[in-house]
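Asks: any chance you could fold what I've pasted below:
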Amino acid sequence: MSTNIGELVDRVYREYLEPMDDLTSYTVLNEGSELSASDTVITFNGDLLTQEEEDAMDAGTIIECEKELMRCVALDTVNNQVTVVRGVRGTSNVQHADGSVIKIAPPFPRQVVFDAVKDQINNLFPTLFAVDTQSITTSTGYTLIGSYDAPGTHNYLVSILSAISQYTDFSAGSDTTGVVFAPVTSSLVELPNPFTYTDSDGVSRTITYSSGPSVVHAIQFSGIASGHTAHVTFKKKFIEPTAESDTLATVGLEQEYEPIIMAGVAAQLLSGRDIPTATADYISDQLSVSAFPVGSASSIRNSLLQYQQLLINQARKHLRAKYPEAVSVDGKVFGIQA
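Replies: Got it, this is the predicted structure:
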């Protein structure tokens with residue numbers, strides 16, 4: 001199982017896009033030190049290439065190092081060097097460590113696969129959703145979710161799944177901790193972004209969220225005095241990853257969602273392509289293991305989508321069993337959903 005987005009991208013290659021008997025031709029940087037972001041002449045290890053593969057790095061060929069794409073301009077086979085234009089096709093020219101892998105004419109560039117992973121994560125909602133539980137101190141007005149100077153990802157919250165408090169008496173001045181968790185009536189309020197408000201110290205604060213929905217979220221409690229601690233569980237959208245180092249936990253993905261993402265990425269990237277025989281056979285074998293036999297290469301994409309939908313339906317059942325639908329009246333959520 002993966003722990004971050006980069007490992008998930010690797011699984012997509014390993015399980016769908018790069019059959020072991022049909023790997024993309026590659027070599028490695030042989031600079032003696034790192035390749036800077038401005039270097040335009042790359043030294044590579046020629047011992048890892050056949051003559052035909054080395055000749056393929058002639059002018060016009062696209063090569064890839066990590067997520068950066070480069071266009072070859074001139075090839076020097078004597079010194080195992082190639083002159084390139086850095087950061088083409090919307091990728092960024094960055095520093096690369098010596099020994100980094102260089103793929104020659106990759107059919108599925110890593111940046112493309114990373115972007116497809118982001119697309120598939122975004123497409124999961126609202127059928128599937130992430131969950132976030134926060135401990136919030138109740139107040140008679142509304143309570144802003146997230147501090148004024150660190151809004152973070154609170155604007156991805158969608159609705160309240162449940163709100164409970166460990167107090168048996170919700171009246172004012174009763175702060176004795178109870179042994180029973182009781183439901184609390186609450187509602188999620190959406191405020192415009194940016195939003196200016198006055199905090200408890202009388203200081204005017206302006207909240208501006210730079211990502212996610214263009215709203216600021218606050219919560220209102222009913223039937224409970226100020227000062228109690230309510231444990232509120234929210235439904236929220238998945239957070240779009242911005243780097244391969246982003247963890248699945250940060251994005252909000254359960255590990256059981258990984259096969260859903262991978263099947264969707266494969267279907268998205270293979271759509272409209274002539275699929276090489278080795279790749280078609282490899283994916284067919286992978287789907288057959290999951291009891292999804294494929295009749296022909298042309299039906300691979302449809303089979304991938306059907307397989308993905310099956311996985312989504314299973315995950316949805318698990319999610320609804322754990323977090324049933326809310327009981328809501330006039331926008332207020334009463335207790336734990338059922």
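
Asks: any low-confidence regions in the stretch 151-300 of the chain?
Replies: Applying pLDDT under 70 to the stretch 151-300 of the chain picks out residues 151-155, 167-180, 199-200, 209-215, 272-282, 284-298.

Asks: show me the strands in it, by range?
Replies: Taking DSSP state E, counting those that start in this stretch as the test, the strands found in the stretch 151-300 of the chain are 157-165, 182-183, 185-192, 195-198, 204-207, 215-222, 229-236.

Asks: against which helices or strands is the third one packed?
Replies: If you count contacts as 3 or more C-beta pairs under 8 Å, 6 or more residues apart in numbering; DSSP states H and E, strand 185-192 packs onto strand 157-165, strand 215-222, strand 229-236, strand 332-334. Using the backbone N, CA and C atoms, a C-beta is placed for each residue, glycine as well.

Asks: hmm, back to that, Phe114 is nearest to which of the strands of the stretch 151-300 of the chain?
Replies: strand 229-236 (22.3 Å; C-beta to C-beta).

Asks: so which bits of the closest one are buried?
Replies: Applying a neighbour-count criterion of 16 or more other C-beta atoms under 10 Å, one finds 230, 232-236 buried in strand 229-236.

Asks: out of the residues you listed, which comes closest to Phe108?
Replies: Lys236 (30.6 Å).

Asks: got phi/psi on the residue nearest the centre of the chain?
Replies: The structure's the chain has its C-alpha centroid closest to Pro241; by C-alpha atoms, centre = their mean the separation is 4.2 Å. The phi/psi pair for Pro241 (degrees, to the nearest 10) reads phi -70, psi 150.

Asks: measure it to Ala116 for me?
Replies: Distance check for Pro241 against Ala116: by C-beta to C-beta, to the nearest Å, it reads 12 Å.

Asks: in stretch 260-267, what's buried?
Replies: 260-267.

Asks: which helices and strands does the longest helix anywhere in the chain pack with?
Replies: In the chain, taking DSSP state H as the definition, the longest helix is helix 300-322. Helices and strands touching helix 300-322, by 3+ C-beta pairs under 8 Å, 6+ apart, are helix 258-270, helix 277-289.

Asks: and for Ser165, the neighbour number?
Replies: 24 (other C-beta atoms under 10 Å).

Asks: meant to ask about Met20, not that
Replies: Residues near Met20, counting by other C-beta under 10 Å: 8.

Asks: dihedrals phi and psi, it?
Replies: Torsion angles at Met20 (phi, psi; degrees, to the nearest 10) stand at phi -60, psi -30.
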